[in-house]
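J.: take this sequence and fold it.
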Amino acid sequence: MKNIVIGSGPAGRLASLELGKLKEETLLIEKNHIAGTCLNEGCMVICALTDITRFIDMNNRFNSYGFLNSQIDLSYEKIVEKIKETQIKLRKLNEIENKSVGNELLYGEAILDENNVYVNGESYEFDNLLIATGARPFIPDIKGNQYGLTNKDILKLDDVPQKLNIIGSGVLSCEIANIYSKLGSEVNIFSRSSFLKNIDEDIKEYIIKHLISDVSIFENTDVLEIKKNKIITNKGDFEGTSFFATGRSPNSELVNDLVDLNEDKTIKVNEFMETSIKNIYSAGDVIGSYQMTPIARMEGIVASRNMAGIPTKIDYNCIPQSISLNMDVSFVENEKNTNKLKNIKYPALAGPNSFWNILSGDVGLSKISFDEKLNKIGKITSISPSSVSDVSYLSYLMRIDDDLNNFEKFIEIHPSTDTNYKIIKSLWL
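T.: Predicted structure coming up:
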């Protein structure tokens, strides 16, 4: 077999598709379900549940305005059932898509040496190999950690927990807090240091005050022990179900003794996604970069092109990111910019699904930093119903290093990208 890809998450699946389109013989091996963490346990599950919390939020808003009088009878069991039905459909589509370009798909656990992959008792030689085995939730060494849930358990819950204690300080802890507080849980977040410490302070303040206002946040708090229905911290005991949102551990055990690893056990790669062995590549969460679906896809495509003999380098500059809440928080930074930046801050509301927020004053927030000397954007953070698409578009202009004067050529499609227009217009006020 010319090319073997182990792992069918975003990195492996897109790499296989690219190889197939390039008419390269490819075998895709998957241990469990095609499409990896994103579809089966991660971002698509988070997005599905957030869609429901947004509907609940909008229903409550319309009720408060007096032109709607409706009550919601929520069935978490039915939500889980329908998410699983959708996952089955999407897995089937992903299988069809990969096979449509001539790829072979094999389910089973892979075992590896320098020249062969072994699956289900069969041996497969390879010219090129891509390791895209992803990552799993990191479980901290805390007494009683077996009682803590992770994102892998979301679709195993019978109902919405009455009380939920989230351990973690990053994006996932915020997203989980938003979902279950809106579904009816009493939610606490326990952060060992600062909550959302990598987010701009003004943006963090808006998130806490306006988007997850029902959540209690305990910063600089140590979790000492977890019991079945209780968490013990240095600031007291708290009843409820525990949930770990404490990062990811790479599934790199397959190549422990084969390629070089980083100190955190992620697979070490160069800008061509090559490991320390010339014909073995790696991409996705297992290499520990941004651990985001679009980046895993990008890494997979870069790896596949190099496997096919098309020299391609990865570029991580100006990567747009987001926090999926009832109003999305999106941000991007040009890490190559070293000059002093000028800041602009203003209400961000514009675009689709924004009209009815104005009455309640939930108008979002945007903060832009730009380089007056070079006339280029250095950083954007935006909270608005359309911030995901807005910041994605603007990150492209940043990535191609475009001059701000060219931004005014942008024409929005009302009301889908109005925020872009508002952001761009503000730069010349």
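J.: please pull out the lowest mean pLDDT helix or strand from the chain.
T.: Taking mean pLDDT, DSSP states H and E as the measure, the chain has helix 418-426 as its least confident helix or strand, at a mean of 63.
J.: chain neighbours aside, what residue packs nearest to L155?
T.: Nearest residue to L155 in three dimensions, chain neighbours excluded: V80, at 5.1 Å (Cβ to Cβ, 6 or more residues apart in numbering). (Each C-beta comes from the backbone N, C-alpha and C, glycine too.)
J.: mind checking how far the one you found is from L183?
T.: Noted for V80: a distance of 12 Å to L183, by Cβ to Cβ, to the nearest Å.
J.: one more: I310?
T.: Distance, I310 to L183, by Cβ to Cβ: 47 Å.
J.: neighbour-wise, which of these two wins?
T.: Taking neighbours as other Cβ atoms under 10 Å, I310 and L183 compare with L183 leading, 19 against 11.
J.: contacts made by whatever helix or strand L39 lives in with the rest, please.
T.: L39 belongs to helix 36-40 when elements are defined using DSSP states H and E. The contact list for helix 36-40, computed with Cβ atoms under 8 Å, 6 or more residues apart in numbering, reads 7-10, 12-13, 32-33, 42-44, 87, 90-91, 94, 134-135, 151, 284-285, 293, 296.
J.: repeat that for stretch 135-151.
T.: Applying Cβ under 8 Å, 6+ apart, the contact partners of stretch 135-151 are 37, 41-42, 45-46, 152, 157, 167, 172, 176, 223-228, 241-251, 285-286, 288, 291.
J.: what mean pLDDT does it get?
T.: The average of the pLDDT scores along stretch 135-151 is 97.
J.: end to end, how far does that stretch reach?
T.: One end of stretch 135-151 sits 12 Å from the other (Cα to Cα, to the nearest Å).
J.: who touches N63 in this structure?
T.: 69-70.
J.: Y107 contacts E30, doesn't it?
T.: Yes - with contact defined as Cβ atoms under 8 Å, Y107 reaches E30; the gap is 5.5 Å.
J.: could you pull up phi and psi at F218?
T.: F218 adopts backbone torsions of phi -120, psi 100, taken as degrees, to the nearest 10.
J.: that one - how many residues pack around it?
T.: 17.
J.: and stretch 152-165, end to end?
T.: Its start and end residues considered, stretch 152-165 measures 16 Å (Cα to Cα).
J.: select the longest helix from this structure.
T.: helix 76-100 (DSSP state H).
J.: list the contacts of V187.
T.: 163-166, 177, 180-181, 214-216.
J.: closest one of these to S330?
T.: Distance to S330 across those (Cβ to Cβ) is lowest for A177, with 18.3 Å.
J.: and the residue nearest to D315 when sequence neighbours are not counted, how far from I411?
T.: With sequence-adjacent residues excluded and distances taken as Cβ to Cβ, 6+ apart, D315 is closest to R399, at 7.7 Å. For R399, the distance to I411 (Cβ to Cβ) stands at 20 Å.
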